[in-house]
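> sequence first, predicted coordinates after that:
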Amino acid sequence: MEILLVAALVAGMVALDVRLSVLVWRIAGLPAFRRALPACLFATAAALSLLRSVGITWPAEWFAFPLNLAGWCLAGFELAGHRRRAAGVAARTPSGGAAEGR
């Protein structure tokens, strides 16, 4: 039963990583390195976690979760900044952000 809980937790973390990476990657106003950084952090954490399968455990123990945490924080920061900028632009337009149809 515990293995199912762990598997569900890992699957949820991977799904969150992919979702956040895709959302940040689609922000057009960011430079390419800032769009790719969360995905690179998540991929590095996944690679370090896969080292456990060959018996090398210390990189996963020391770096995998902090890299995931850094990726989550960075992706959240980029998404919040994008939403804040988008809301500021919408508030400054005469129509309140609605399309004018011209």
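Looks like it came in fine.
> for the longest helix along the chain, what is the distance to the chain centroid?
Determined from DSSP state H, the single longest helix within the chain is helix 65-92. Helix 65-92 has its C-alpha centroid displaced from the chain centroid by 10 Å (CA atoms, centre = their mean, to the nearest Å).
> and what of stretch 53-62?
Its chain's average C-alpha position is 23 Å from that of stretch 53-62, according to CA atoms, centre = their mean.
> send me it as CSV with only the CA atoms.
Once non-C-alpha atoms are left out, stretch 53-62 reads as follows in CSV (Å, rounded to 0.1, in the frame of the first residue of the first chain):
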residue,chain,number,x,y,z
SER,A,53,18.7,2.6,-10.3
VAL,A,54,22.4,2.0,-10.9
GLY,A,55,23.3,2.2,-7.2
ILE,A,56,24.6,5.8,-7.1
THR,A,57,22.3,7.4,-4.4
TRP,A,58,24.1,10.4,-3.0
PRO,A,59,23.4,12.8,-5.9
ALA,A,60,19.7,12.1,-5.7
GLU,A,61,19.7,12.5,-1.9
TRP,A,62,21.6,15.8,-2.0
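> what about it, average pLDDT?
Here stretch 53-62 scores 90 as its mean pLDDT.
> give the buried residues for it.
A60 (16 or more other CB atoms under 10 Å). All C-beta atoms are positioned from the backbone trio N, CA, C, and that covers glycine.
> give me the distance between the most centrally placed residue in the chain and P59.
In the chain, the residue lying closest to the centroid (CA atoms, centre = their mean) is L20, at 3.4 Å. Distance of L20 to P59, given as CB to CB, to the nearest Å: 22 Å.
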